[in-house]
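1. Only the shape, not the letters, is given here:
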């Protein structure tokens, strides 16, 4: 049975209170939801919290939910993005409210050398991304910058999940090499 058909069946069962069906939804989609959250927040602990919040909201909304397509991932991704946006607002508000307190994690001095290395690194990565083929650049934008799951990026680009996974792996290897070159220079 195709995964998307399973999603519809699991959603119907979970909407009627079947916890095993909801666990199946969770297992099938937790990784892409995590990477979407991590792509937005940039923090593993915050991403884990948002994943938990996403599935709690999904569990509550399932009884009245009518899937538009066969896959639940777009719906879960939307919930995840809203939860991540809420988390970002909370983090910014918390930072603003504690701005008067001394932040001991900030260094007392600014290293010009570190700024130059950071600037060189950003320029090198930007240059490497610009040299990518159109498809690789679009896969990088969708998956790394926008936090799309492989399946969602593949659907948007009209390619297979394997194409996205393999090309993104090569892009990341290429970018790691560029980072090493800057650090070793």
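-> Yes, it's here. Everything quoted here is computed from the prediction, not taken from an experiment.
2. from here on, contacts and neighbour counts on C-alpha atoms
-> Will do.
3. Skipping adjacent residues, who's closest to the residue nearest in space to the middle of the chain in space?
-> The centre of the chain sits closest to residue 36, judged by Cα atoms, centre = their mean, with a distance of 2.1 Å. What sits nearest to residue 36 in space, not counting adjacent residues and going by Cα to Cα, 6 or more residues apart in numbering, is residue 147, at 4.4 Å.
4. For that neighbour, what are phi and psi?
-> Backbone dihedrals for residue 147, given as degrees, to the nearest 10, come out at phi 80, psi 20.
5. Next, the contact list for it, please.
-> Listed by Cα atoms under 8 Å, 6 or more residues apart in numbering, the contact set of residue 147 reads 35-40.
6. Mind checking which of these are in helices?
-> Within these, residues falling in helices by DSSP state H are 35-40.
7. burial measure for residue 43, as a count.
-> Residues contacting residue 43 under the criterion other Cα atoms under 10 Å number 11.
8. on that earlier part again, just the buried subset of the ones in helices among the contacts of residue 147, written out for ChimeraX, thanks.
-> Applying 16 or more other Cα atoms under 10 Å to the ones in helices among the contacts of residue 147, the buried members can be selected in ChimeraX as follows:
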select :35,36,37,38,39,40
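9. Pipe the ones in helices among the contacts of residue 147 into CSV and attach pLDDT and distance to residue 47 per row.
-> Formatted as CSV, those follow (pLDDT from 0 to 100; distance: Cα to Cα, whole Å):
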residue, pLDDT, distance to residue 47
35, 89, 8
36, 88, 8
37, 88, 5
38, 87, 5
39, 85, 8
40, 85, 8
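10. Closest one of the ones in helices among the contacts of residue 147 to residue 96?
-> Proximity of the ones in helices among the contacts of residue 147 to residue 96 was ranked by Cα to Cα; the top entry is residue 40 with 19.6 Å.
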